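Chemist: The following block contains a protein sequence and its predicted model.
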Amino acid sequence: MEESRQGDNGGIPFSSIMKVPAGPTFLERSRPFSKPFFRLGITLIGFVLWVALQGVLFDVFGFVKNGILNYGISGFLALVVIIPFWKLVPDTAGRFGRRNGSVAVASVFVLIVPFVVVALMIGLEYVGITSEWSIFAIALFLLAAAEEVICRGFMMDALSFRKSSLTGLLLSSVVFAMLHIGNSYASFAGIANIFLAGALFGLMRLVTEGLFFPILLHWFWNLLTGMIFGWNVSGHELLPTVFRPLGNPPWGSFGPEESILMTIGTMGAIALLVKELYSPDEKDTSRYL
């Protein structure tokens, strides 16, 4: 359904600038035949402005020499231009809800456990936690939050055609995968698995009615694999790490995102979320079709 869902979904109170509009949105007032064009236009303009402002801020914060730190800061701050465009489209799910937390956590375990086993099998050497590690951890959180707001928030809502969130989920996942094509050591398997991860994050938003859990999972994945186990993350290497691996993991330089374990784990987590989404307790699943 195109109308915003504003029921009690355990959402976190935010400032009025991020609240869902009380009245009909711009799209709800437009003619049916024009809605797809408006959605595409809103998506394109909002995304281009975000990229442009991110580029400007990246130069402003040029004194931050590390790319990940700079992208985390500039990408998060650039979200300000998305807010007015996001408010033009109805929500496919809540924005800050935390429903079905146990299901979300279970899906995280399905994805993560195989990689914990790999890390223990190849061995780890303790390095320690430094102040630099903490700074990078914050930067990774900002980066994860920015990508989730853009892809699983704004784009997933704007690209959900014909009263269905399925198109928004799939198209936003394609964009999410495309954002990583330029990363070092990018491979077909890695980009395909990132698309699946995008679908997982999108389903998690639908199940939990918000971006809280998708942001946490996105951040925790990057933190665990890159800054705790010491592996490359989506082509990014040499991050500060708590442990140093004593052996080579069973994947290439792009990182665990290109492994068959990622494919299996992501599909298992997706299956768990889909099962919850279409359970008999869900009163309305028509908007997901």
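Modeler: Happy to help now that I have it.

Chemist: for the stretch 51-200 of the chain, what are the low-confidence residue spans?
Modeler: 163 (pLDDT under 70).

Chemist: which residues of it fall in strands?
Modeler: In the stretch 51-200 of the chain, the strands defined using DSSP state E, counting those that start in this stretch lie at 124-126.

Chemist: who touches stretch 179-186?
Modeler: Residues outside stretch 179-186 that contact it (C-beta atoms under 8 Å, 6 or more residues apart in numbering) are 147, 151, 190-191, 194, 232, 234-237, 252-255. For the C-beta atoms, the positions are set from N, CA and C on the backbone; glycine is no exception.

Chemist: So which of the residues you listed is the closest to Arg95?
Modeler: Nearest to Arg95 among the contacts of stretch 179-186 is Cys151, at 13.7 Å by C-beta to C-beta.

Chemist: Touching, Phe161 and Arg39? I think so.
Modeler: Yes - counting by C-beta atoms under 8 Å, Phe161 touches Arg39, with 6.5 Å between them.

Chemist: Between these two, point out the one with more neighbours.
Modeler: Arg39 (21 against 15; other C-beta atoms under 10 Å).

Chemist: And the more buried one, how far from Phe195?
Modeler: 21 Å (C-beta to C-beta, to the nearest Å).

Chemist: Contact partners for Gly235?
Modeler: So Gly235 contacts 180, 183-186, 190, 253-255 (C-beta under 8 Å, 6+ apart).

Chemist: Among those, the buried ones, what's the ChimeraX command?
Modeler: Selection of buried members from these for ChimeraX, criterion 16 or more other C-beta atoms under 10 Å:
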select :180,183,186,190,254,255
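
Chemist: Switch the contacts of Gly235 over to TSV; also include distance to Gly94.
Modeler: Formatted as TSV, the contacts of Gly235 follow (distance: C-beta to C-beta, whole Å):
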residue	distance to Gly94
His180	27
Asn183	31
Ser184	36
Tyr185	36
Ala186	33
Gly190	31
Ser253	38
Phe254	33
Gly255	31
